[in-house]
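J.: Just to be clear, the model below is a prediction. Sequence and coordinates:
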Amino acid sequence: MDEKSISETYGRTVYTDDGNFFGKIQDAVVGKHSVHGWVVQITSESILKKTVPTVKAVIVPHKAVRAIGDVFLISGALDVPSPEPDSEAAKAKA
């Protein structure tokens, strides 16, 4: 198995396993001996940005990653938070 530096993954695109663009790898969350998660920068084209417009980045748990290659493939079954009705964004729209 080839070992690679985590920094080689920065900037790679992330897609859900159902083909939706999710974002770009920004950083990794590492423990003493393993990767715990991936910080994904959410861009304007992201499927998540359409659901939560104020989001800038999220941490995707490593166990949700299906494959890592030229792109990251993550489970589309991740829980996507929805804005609370009394949030600042909701108040601004009212």
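T.: Cool, the structure landed.
J.: May I see the buried residues of the strand ranked longest in the chain?
T.: For the chain, the strand reaching the highest residue count under DSSP state E is reported as strand 21-30. Of all the residues in strand 21-30, those buried under the rule 16 or more other C-beta atoms under 10 Å are 21, 22, 23, 24, 25, 26, 27, 28. Glycine gets a C-beta too; all of them are placed from N, C-alpha and C.
J.: contacting residues for the last one?
T.: Contacts of residue 28 were listed using C-beta atoms under 8 Å, 6 or more residues apart in numbering, and they are 6, 9, 35, 37, 38, 39.
J.: For residue 67, what is the enclosing helix or strand?
T.: Using DSSP states H and E, residue 67 sits in strand 65-68.
J.: Would you list the phi and psi of the residue at minimal distance from the centre of the chain?
T.: The residue at the geometric middle of the chain, judged as the C-alpha nearest the mean C-alpha position with C-alpha atoms, centre = their mean, is residue 40 (3.7 Å). Note on residue 40: its backbone torsions stand at phi -110, psi 120 [degrees, to the nearest 10].
J.: chain center to stretch 49-61: distance?
T.: Between the mean C-alpha location of stretch 49-61 and the chain-wide mean there is a distance of 7 Å, by C-alpha atoms, centre = their mean, to the nearest Å.
J.: List every C-alpha atom in it, with coordinates, as CSV.
T.: Once side chains and other backbone atoms are set aside, the C-alpha atoms of stretch 49-61 remain, and they are given as CSV (Å, rounded to 0.1, in the frame of the first residue of the first chain):
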residue,chain,number,x,y,z
LYS,A,49,-24.9,25.2,0.4
LYS,A,50,-28.4,24.9,-1.1
THR,A,51,-29.7,23.4,2.2
VAL,A,52,-27.7,25.5,4.7
PRO,A,53,-26.6,28.7,2.9
THR,A,54,-24.5,30.1,5.7
VAL,A,55,-22.3,27.1,6.0
LYS,A,56,-18.6,27.6,5.1
ALA,A,57,-17.1,24.2,6.1
VAL,A,58,-18.0,21.0,7.8
ILE,A,59,-16.2,18.0,9.3
VAL,A,60,-17.0,14.8,7.6
PRO,A,61,-16.2,11.7,9.8
